[in-house]
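1. Mind folding the following:
(one chain, ligands or ions: 1)
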Amino acid sequence: PVLVVDFGAQYAQLIARRVREASCFSEVVPHSMPVAELLAKDPAAVILSGGPSSVYAEGAPSLDPALLEAGVPVFGMCYGFQAMAQALGGTVERTGLSEFGATPARVLDTSSTLFNGQPAEQSVWMSHGDSVSAAPPGMTVTATTSGAPVAGFEDDERRLYGVQWHPEVLHSTFGQQVLENFLLRGAGLTGEWTAANVVDDLVSAVRAQVGDARVICGLSGGVDSSVAAALVQRAVGDQLTCVFVDHGLLRSNEAEQVEKDFVAATGVDLVVVDARERFLTALAGVSDPEEKRKIIGREFIRVFEQAARDVVGAHEGAGDHPVEFLVQGTLYPDVVESGGGSGTANIKSHHNVGGLPDDLRFKLVEPLRLLFKDEVRQVGLELGVPEAIVWRQPFPGPGLGIRIVGEVTGERLDVLRSADAIAREELTAAGLDRDIWQCPVVLLADIRSVGVQGDGRTYGHPVVLRPVSSEDAMTADWTRVPYDVLARISTRITNEVREVNRVVLDVTSKPPGTIEWE
Ligand code: XMP
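-> Coordinates of the predicted model:
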């Protein structure tokens, strides 16, 4: 793999993603990992990430010079660049010329390894207080900016490279090319990795882990749990039982899609639990968002636990193997964020299946734990998971329950489901699914306004369209959906859903608004 050494900022994960976009497999490792351990992973190349510290600060993460002498190609970015400069005998100092944001850089040699094929003037994304004022011996200076006399250096002999800026950030106009030049030209990688062609390896790994034991999986209908289930199904066939809890807060056709399409495509053994009445009863009279979330989470766990016990019970005795494993659709960002943990996975409360308790006492199977979301989609397609599931937008565990502002009732759920189905249909028809991260439709059930339709007065409810664009749901912007698409959605909803007489658009970014209304 290409190892990305995390010097303690938010950048390492993004770098890992960009490396994979260049078709090279990457993994993030902490800067505290000893060089021997790091080399034992047999890295094809190493990237040193940016970080928040000054290389001179007390307790600043240090770079063991042994890494630079191991013969492995190394690329330092920002903090990593300075740490390299320092370790190799250059000078890093506080020049008083800090640079933040988009900065013009001048490339001194456009035939150098990193800058080959690029213009001499490029805009780069900077974020530094210290600067490298003298390059280490043996290093050729390849780029400069007004605040960083040495903004890039390389030594092809030792295959050591660095830039002061952040090539992984899209604002660095040639960032991806710089990175690819390092990987393909500097480190000599072939760039043939894709998520789709590791499916066989993932399948064998699951087979090796699970053996003859039985496995259960809580299926939410979302991308992650569906692809994880499909993968495990491919690996161990009918040793897997999936449990799908229909809590009645799903979008239109969702349960059917899982029941029919998913089973048809994968052949999994599926148990569907119809818990719609139970959830409606538990939610009666409740309009506080947090209270709703707690009730939904609690009921979900109770229903799932019972279903899991039934599955376990059905396979006890009779010479059958016991249910030993639980499949989780954990993705790489969760793994990196929880400290790159090696096998210490405890189940999060904000997960696909609503936070299963650890006293279920299963060992975890997490076949997607090294993949990013877009890669999971590729794996899903490779496994034949229906596109309607693979390209599904994120949908929260508490479902439509947190998209009705006010009490959740069966009638209101029907109204929202109809409006939501129309919005989704039109956005799909307009080809916007891949541009929009997700588009919640929210029913303002406690608000009524006056309207007129067919010469008569109406007194109905508004629905809110909340289309957002995002890379990771941590931040988001409202999507500029074309007016004619919005107009079609509005006309259809007000015509086809009797209770709704007004459609409004949410034009708030996150922050300050969250994506969901509750
Ligand atoms: P917010 O509303 O916090 O949402 O901006 C960020 C992302 O998380 C989803 N979301 C949830 N997903 N269980 C989930 O599985 C939840 O309880 C939950 N709440 C919000 C939301 O749809 C968005 O993608």
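2. Run through the residues that contact A284.
-> Counting by C-beta atoms under 8 Å, 6 or more residues apart in numbering, A284 makes contact with E407, T409. For glycine as for every other residue, the C-beta is placed from the backbone atoms N, C-alpha and C.
3. Between the two ends of stretch 429-444, how far is it?
-> 26 Å (C-alpha to C-alpha, to the nearest Å).
4. tell me which residues of it are tucked away?
-> A430, L432, D433, I436, W437, Q438, C439, P440, V441, V442, L443, L444 (16 or more other C-beta atoms under 10 Å).
5. Just the ones of those residues in helices?
-> Among those, DSSP state H puts none in helices.
6. from those residues, which is closest to N501?
-> Nearest to N501, judged by C-beta to C-beta, of those is L444 at 11.6 Å.
7. That closest one reaches L465, doesn't it?
-> No: the criterion here is C-beta atoms under 8 Å, and L444 misses it with L465 at 12.0 Å.
8. nearest residue to the spatially most central residue of the chain other than its sequence neighbours?
-> Central residue of the chain (C-alpha atoms, centre = their mean): K373, 4.7 Å from the mean position. Leaving aside its sequence neighbours, K373 sits nearest to L331 (C-beta to C-beta, 6 or more residues apart in numbering; 6.2 Å).
9. Can you check the pLDDT for that neighbour?
-> For L331, the model assigns a pLDDT of 90.
10. I'd assumed R377 was in contact with W391.
-> Yes: contact criterion C-beta under 8 Å: W391 and R377 qualify, at 6.9 Å.
11. So for those two, which residue has more residues nearby?
-> Shown here are W391 and R377; by other C-beta atoms under 10 Å, R377 has more neighbours (22 against 14).
12. What strand or helix carries that one?
-> helix 373-382 (DSSP states H and E).
13. in the helix or strand just after that helix, what's buried?
-> Sequence order places helix 387-390 as the next helix or strand after helix 373-382, per DSSP H and E. If you call a residue buried by 16+ other C-beta under 10 Å, then helix 387-390 has these buried ones: I389, V390.
14. same check, this time on stretch 149-161
-> Within stretch 149-161, the residues scored as buried using 16+ other C-beta under 10 Å are P149, V150, A151, G152, F153, E154, D155, R159, L160, Y161.
15. Am I right that the second one falls within a strand?
-> Which is V150. No: counting by DSSP: H, G, I helix; E, B strand; the rest coil, V150 falls outside a strand, being coil.
16. And it, how far from G117?
-> Look at V150 and G117: by C-beta to C-beta, to the nearest Å, they are 22 Å apart.
17. cool, and the first one?
-> Taken as C-beta to C-beta, the spacing of P149 relative to G117 amounts to 25 Å.
18. what do you get for the fourth one?
-> Between G152 and G117 the distance is 15 Å, computed by C-beta to C-beta.
19. OK, contacts around D310?
-> D310 touches V271, counting by C-beta under 8 Å, 6+ apart.
20. Go ahead and list the helix or strand containing it.
-> Assigned by DSSP H and E, D310 falls in helix 289-314.
21. which strands and helices sit next to the helix or strand following that helix?
-> Following helix 289-314 in sequence order, the next helix or strand is strand 323-327 (DSSP H and E). The contact analysis (3 or more C-beta pairs under 8 Å, 6 or more residues apart in numbering; DSSP states H and E) places strand 323-327 against helix 199-210, strand 214-219, helix 223-236, helix 289-314, strand 363-365.
22. how about the ones you listed in TSV, adding distance to the ligand and mean pLDDT?
-> TSV is the format used below for the helices and strands packed on strand 323-327 (distance: least, C-beta to the nearest ligand atom, whole Å; pLDDT from 0 to 100):
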stretch	distance to the ligand	mean pLDDT
helix 199-210	23	96
strand 214-219	12	94
helix 223-236	10	96
helix 289-314	6	90
strand 363-365	18	92
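23. closest to V72 out of those?
-> helix 199-210 (23.2 Å).
24. Show me what counts as buried in that closest one.
-> V199, L202, V203, V206, Q209, V210.
25. same check, this time on stretch 88-98
-> Neighbour-count burial for stretch 88-98 [16+ other C-beta under 10 Å]: L88, G90, V92.
26. Over to stretch 211-231?
-> 214-231.
27. Between its first and last residues, how far does that stretch reach?
-> The first-to-last residue distance of stretch 211-231 comes to 15 Å (C-alpha to C-alpha).
28. just stretch 476-489 next, same as before
-> 22 Å.
29. Let me know the next secondary structure element after the longest strand seen in the chain.
-> Using DSSP state E, we find that the single longest strand of the chain is strand 91-107. Where DSSP H and E defines the elements, the next helix or strand beyond strand 91-107 is strand 121-134.
30. Backbone dihedrals for E496, please?
-> phi -100, psi -20 (degrees, to the nearest 10).
31. care to break this protein down by domain?
-> The chain breaks down into these domains under automatic domain parsing: 2-186, 196-390, 403-505.
32. still on that earlier bit, would you mind giving the buried residues of helix 199-210 as CSV with distance to E411 added?
-> Below are those laid out as CSV (distance: C-beta to C-beta, whole Å):
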residue, distance to E411
V199, 44
L202, 44
V203, 45
V206, 44
Q209, 47
V210, 45
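33. ok and the helix holding R377 relative to helix 223-236, angle-wise?
-> 50 degrees (axes from the mean of the first three to the mean of the last three C-alpha atoms, to 10 degrees).
34. Use 32 as the first number from now on
-> All set: I'll call the first residue 32, so the last point we hit is now helix 404-413.
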